[in-house]
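Q: take a look and give me a structure for this.
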Amino acid sequence: MKNFISCSENRPSDMIRNTLSFFMYALIGATAGILGAKYFQSLFGPMDMKQKFFLVLILFLSIYVSIFLQLIIHEAGHLVFFLFSGYKFVSFRIGSTIFLKSNGKMVKKRYFVQGTGGQCLMAPPPYNGGNFPQFLYNMGGVIFNILVSLLALFLFLFTKFLPLLVFAICGIVIAVSNGIPMKTKAVNNDGLNALNIKKDKSASHAFYMQLLINAHLSQGERMKDMPDDWFSMPRAEEMDDGLTAGYGAYVAMRELDQKDFQKAYWDMEFLIENASGLIGVHKVALLSEILFLELIGENRWAKVESLYTPELEKSLQLSSRSPSALRTLYAYELIHKRNFGKAERHKMAFESALTVFPNAGEAEMEKELFDLVKPGPSPDLYN
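A: Numbers count the residues shown, from 1 in each chain. Reported below is the predicted structural model:
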């Protein structure tokens, strides 16, 4: 599920958090530049253009390496606190490389979620009436970033090794951007998830169910084969946070897997119109599936044109490794545009994406849905 589309208007509290975050990052960046310049001046005295270029090069390389390492540390923090809290390992992703445990073996696949640098997923312990450990999982990455950054700062004071300072600053930036509760265009960060879970029982339940469902998906299970009582559409008034709205999206996606296309279509439209907490990656997934169902169903020209907005097109094109996005693009080009060349390219990309997709059950569902696409409308699918 991927997207760059903003799923709701910014509330005043969101705008305040984002503004504070922007000024904090600007302050941190300026501090790094000033300290770096002073560091080089202490070594070489006044700098000429060549030395300034060398300083900028070192800073850029240090930032690049530091961000990569701090992302690993962040996800490792989630993993450690997960295990400490009684969870079981499911998957560990950095960028588009994901390691997951399937049938007792560790396998490497490719998967990416727009708006995230990584993700660690675990199977939760027993629900126990909602009394299961949650806070440490969500904040474990932030805690690790802060601890490692403090250690790097301590070492820098003794060694004056500039990359250590850059590493520490990058860690603080990542900790702040994940720790201060805020909503981006694509996802909610760890701090906002932790806050919602603490204040809202429905968010806590939704968080648990998504972890449970993902754990079973990683073992090759299909949503359609999971227990019915795992999937219950929340009320509209409950879906003002990303976790509960996201759980609602899981319910609709199960209906798609069950090939209950009419109900899936209605519920996806219901979520788009009523789930104010939908995060970007979930909203674009729902819009993509609504478009797909329209294409293989009634294929109303005006409806397809209204759904295939420039924003959705951009998001689908950027999700070039997602089977679901490629499936929708294939249907759009084959059925609506009748561009058989483009459709064939999307088909080849879809088949390639399936070979490295991490979840066998979802891959099976994607193939079944892909095979429904024919070069013409199929209204009987809704009968």
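Q: which residues of the stretch 51-200 of the chain score low on pLDDT?
A: Of all residues in the stretch 51-200 of the chain, those with pLDDT under 70 make up the ranges 51-52, 112-117, 184-186.
Q: longest helix in the protein, by residue count?
A: The residue-count maximum for a helix in the chain (DSSP state H) belongs to helix 49-84.
Q: which secondary structure elements does that one contact?
A: In this structure, helix 49-84 packs against helix 12-44, strand 88-94, strand 118-123, helix 135-159, helix 162-179, with contacts taken as 3 or more CB pairs under 8 Å, 6 or more residues apart in numbering; DSSP states H and E. For glycine as for every other residue, the C-beta is placed from the backbone atoms N, C-alpha and C.
Q: phi, psi for Asn299 please.
A: In terms of degrees, to the nearest 10, the main-chain angles of Asn299 are phi 50, psi 50.
Q: around it, how many other residues sit close by?
A: By the criterion of other CB atoms under 10 Å, Asn299 has 16 neighbours.
Q: for Phe68, same thing?
A: Using other CB under 10 Å, Phe68 has 15 neighbouring residues.
Q: nearest spatial neighbour of it, skipping sequence neighbours?
A: The shortest distance from Phe68 to any non-neighbouring residue, by CB to CB, 6 or more residues apart in numbering, is to Ile94 (7.8 Å).
Q: do Ala76 as well
A: Per CB to CB, 6+ apart, closest to Ala76 is Phe144, 6.2 Å.
Q: does that neighbour really touch Leu71, like I thought?
A: No: contact criterion CB atoms under 8 Å: Phe144 and Leu71 do not qualify, at 11.0 Å.
Q: among those two, which residue is more densely surrounded?
A: Phe144 (24 against 20).
Q: ok, now which ones touch the more buried one?
A: Contact analysis of Phe144 by CB atoms under 8 Å, 6 or more residues apart in numbering lists Ile73, His74, Ala76, Gly77, Val80.
Q: redo those as JSON lines? Include neighbour count.
A: Output for the contacts of Phe144, formatted as JSON lines (neighbours: other CB atoms under 10 Å):
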{"residue": "Ile73", "neighbour count": "19"}
{"residue": "His74", "neighbour count": "26"}
{"residue": "Ala76", "neighbour count": "19"}
{"residue": "Gly77", "neighbour count": "26"}
{"residue": "Val80", "neighbour count": "16"}
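Q: let me have those residues in TSV, adding distance to Leu256 as columns.
A: TSV is the format used below for the contacts of Phe144 (distance: CB to CB, whole Å):
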residue	distance to Leu256
Ile73	37
His74	32
Ala76	34
Gly77	34
Val80	35
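Q: quick check, nearest of those residues to Lys337?
A: Using CB to CB, His74 comes nearest to Lys337 of the contacts of Phe144, at 41.6 Å.
Q: and the closest residue to Ala206 other than its chain neighbours, how many neighbours?
A: Among residues not flanking Ala206 along the chain, Tyr247 sits closest, at 3.6 Å (CB to CB, 6+ apart). Tyr247 has 27 neighbouring residues, counting by other CB under 10 Å.
Q: the one 3 residues further on too?
A: Here the neighbour count serves as a burial measure; for Tyr250 (other CB under 10 Å) it reads 20.
Q: what helices and strands are in contact with the helix or strand harbouring it?
A: Using DSSP states H and E, Tyr250 sits in helix 242-257. In terms of contacts (3+ CB pairs under 8 Å, 6+ apart), helix 242-257 is packed against helix 190-199, helix 201-218, helix 261-274, helix 280-296, helix 360-370.
Q: among those helices, which is the most enclosed?
A: helix 280-296 (a mean of 25; mean count of other CB atoms under 10 Å).
Q: name the helices or strands packed onto that one?
A: Helices and strands touching helix 280-296, as assessed by 3+ CB pairs under 8 Å, 6+ apart, comprise helix 242-257, helix 261-274, helix 301-307, helix 310-318, helix 323-331.
Q: would you list those helices in JSON lines and tack on mean pLDDT?
A: Converted to JSON lines, the helices and strands packed on helix 280-296 look like this (pLDDT from 0 to 100):
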{"stretch": "helix 242-257", "mean pLDDT": "95"}
{"stretch": "helix 261-274", "mean pLDDT": "96"}
{"stretch": "helix 301-307", "mean pLDDT": "94"}
{"stretch": "helix 310-318", "mean pLDDT": "90"}
{"stretch": "helix 323-331", "mean pLDDT": "95"}
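Q: among these, which is nearest Phe99?
A: Closest to Phe99 of the helices and strands packed on helix 280-296, according to CB to CB: helix 323-331, at 19.5 Å.
Q: what mean pLDDT does the following helix or strand past that closest one have?
A: Note on helix 323-331: by DSSP H and E, the next helix or strand toward the C-terminus is helix 340-356. Average pLDDT, helix 340-356: 93.
Q: give me the buried positions along helix 340-356.
A: Under the neighbour-count criterion of 16 or more other CB atoms under 10 Å, helix 340-356 has Ala343, His346, Lys347, Ala349, Phe350, Ala353, Leu354 buried.
Q: quick one: distance of that helix to the chain centre.
A: Its chain's C-alpha centre and that of helix 340-356 lie 23 Å apart, by CA atoms, centre = their mean, to the nearest Å.
Q: which elements pack onto it?
A: With contacts defined as 3+ CB pairs under 8 Å, 6+ apart, helix 340-356 has these neighbours: helix 323-331, helix 360-370.
Q: output these as TSV; include the columns distance to Asp267.
A: Listed next are the helices and strands packed on helix 340-356 as TSV, based on distance: least, CB to CB, whole Å:
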stretch	distance to Asp267
helix 323-331	17
helix 360-370	16
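Q: out of those, nearest to Asn138?
A: Asn138 lies closest, by CB to CB, to one member of those: helix 360-370, at 24.6 Å.
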